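Novice: Provided below for reference: sequence and predicted model.
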Amino acid sequence: PLLHLLLPPPRTHHPTPSSTGRHGQGLVHFVLAAHEGQRNTRLFWAACRAYENGIGPDLSNALVDAAVRTGLTEREARSTIASAARMTGERR
């Protein structure tokens, strides 16, 4: 079960209007698939991957929106994403 949280999200074949591409959409879908008890962890993981791949700033609003749809507050989501940015050395 824990290994499932570490695996990358499945690839999607949906076109993406954003400049972050499919990789960014996969991270957003990964957050949207979170259940209670894993929402913050999934958001943090996705945000870390986004910042590591240079799309964190572009993807952060979409990640916040996805996290809010799973039940986190906007403040919780933004705090988690800021932590991920700090953890990956991103300066905002």
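Specialist: Thanks, I have it. Residues are numbered from 1 along each chain as shown.

Novice: which residue is nearest the middle of this protein?
Specialist: In the chain, the C-alpha nearest the mean C-alpha coordinate belongs to residue 46, at 3.2 Å (Cα atoms, centre = their mean).

Novice: what's the helix or strand for that one?
Specialist: For residue 46, the element it lies in under DSSP states H and E is helix 39-52.

Novice: could you dump the next helix or strand after that helix to PDB, C-alpha only?
Specialist: Following helix 39-52 in sequence order, the next helix or strand is helix 56-70 (DSSP H and E). Presented in PDB, the C-alpha positions along helix 56-70 are these (Å, rounded to 0.1, in the frame of the first residue of the first chain):
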ATOM      1  CA  GLY A  56       6.300  24.300  -9.900                       C
ATOM      2  CA  PRO A  57       5.500  28.000 -10.300                       C
ATOM      3  CA  ASP A  58       3.400  27.300 -13.400                       C
ATOM      4  CA  LEU A  59       1.600  24.300 -11.800                       C
ATOM      5  CA  SER A  60       1.000  25.600  -8.300                       C
ATOM      6  CA  ASN A  61      -2.400  27.100  -8.900                       C
ATOM      7  CA  ALA A  62      -3.700  24.000 -10.600                       C
ATOM      8  CA  LEU A  63      -2.300  21.900  -7.700                       C
ATOM      9  CA  VAL A  64      -4.100  24.200  -5.200                       C
ATOM     10  CA  ASP A  65      -7.300  23.900  -7.100                       C
ATOM     11  CA  ALA A  66      -7.000  20.100  -7.200                       C
ATOM     12  CA  ALA A  67      -6.200  19.900  -3.500                       C
ATOM     13  CA  VAL A  68      -9.200  22.100  -2.600                       C
ATOM     14  CA  ARG A  69     -11.400  19.800  -4.600                       C
ATOM     15  CA  THR A  70     -10.200  16.900  -2.500                       C
END
